[in-house]
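Student: Here you go, sequence then predicted model.
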Amino acid sequence: MAMDGEFHVRKARLADAEGIYALIREHTMELVPRSLGNVVENIDRFLVAEGPDGSLVGCIAYQIWPEIGDPLKATVELQSVAVRASVRRKGIGRQLVQGTISRVRVLAPADVTVLTLAPEFFASLGFREIPKTRIMHKLYTGCINCTKHTDPFTCPEKAMALEVGRI
Ligand SMILES: CC(C)(COP(=O)(O)OP(=O)(O)OC[C@H]1O[C@@H](n2cnc3c(N)ncnc32)[C@H](O)[C@@H]1OP(=O)(O)O)[C@@H](O)C(=O)NCCC(=O)NCCS
């Protein structure tokens, strides 16, 4: 999908599932955990970045959330965004996010959102902070089961969105 000579971003294959699972487990503080089975079920929504030796150094996935009361006005949430610490600040995260935005553009979502502890990274890609009340579907289905924080409104993760027109 994208080449910079050293790293390659491409659609994930089933054979990548264990590597994705391991990468997500390396980021327990920043990412929502996923079982290996969940990675496999959603493999067609993952992109991966591989290094020159073929090793997996980054991943990203997305999920579609129908808006409550207006199901066709769905948002796309970016999930499981991670780049191995040793190869950060080389533009791999940017390629993963931009690659996913290119994939979902055809769906014409209301916006692309993310809940994140890395707001500077997403701000550099055009995302802006939004009130968490704009992602109630996510709070009710995801955050309500969170084992790290008791209240999504005091959780340190920021809600951010890339607005229509910038997607
Ligand atoms: C966030 C993360 C995916 C960024 O990956 P990356 O490959 O290092 O990002 P890029 O190199 O594409 O950075 C693009 C731009 O984002 C900004 N940026 C990236 N990391 C940043 C940081 N730690 N602090 C401030 N700005 C940052 C910079 O503007 C950067 O451009 P520059 O390097 O030319 O200045 C990576 O740091 C990571 O895996 N973190 C741990 C997991 C995590 O927090 N994931 C997000 C949860 S949704």
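Tutor: The structure has been received and is ready for your questions. Please read these numbers as outputs of a predicted model, since none were measured by experiment.
Student: in the longest helix seen in the chain, what's buried?
Tutor: Looking only at the chain and at elements set by DSSP state H, the helix with the highest residue count is helix 92-104. Using 16 or more other C-beta atoms under 10 Å as the test for burial, helix 92-104 gives 92, 93, 95, 96, 97, 98, 99, 100, 101, 103, 104. All C-beta spots, glycine's among them, are computed from the backbone N, C-alpha and C.
Student: Give me the pLDDT value at the residue in the chain that the ligand sits nearest to.
Tutor: Per C-beta to the nearest ligand atom, residue 93 is where the chain lies closest to the ligand, at 2.5 Å. You'll see residue 93 listed with a pLDDT of 98.
Student: Hmm, residue 78 and it touching each other?
Tutor: No - with contact defined as C-beta atoms under 8 Å, residue 93 does not reach residue 78; the gap is 10.7 Å.
Student: my read: residue 149 touches residue 155, true?
Tutor: Yes - under the criterion of C-beta under 8 Å, residue 149 lies in contact with residue 155, with a separation of 3.9 Å.
Student: Neighbour count: the two, which is higher?
Tutor: Between residue 149 and residue 155, counted using other C-beta atoms under 10 Å, residue 155 has the larger neighbour count: 17 against 12.
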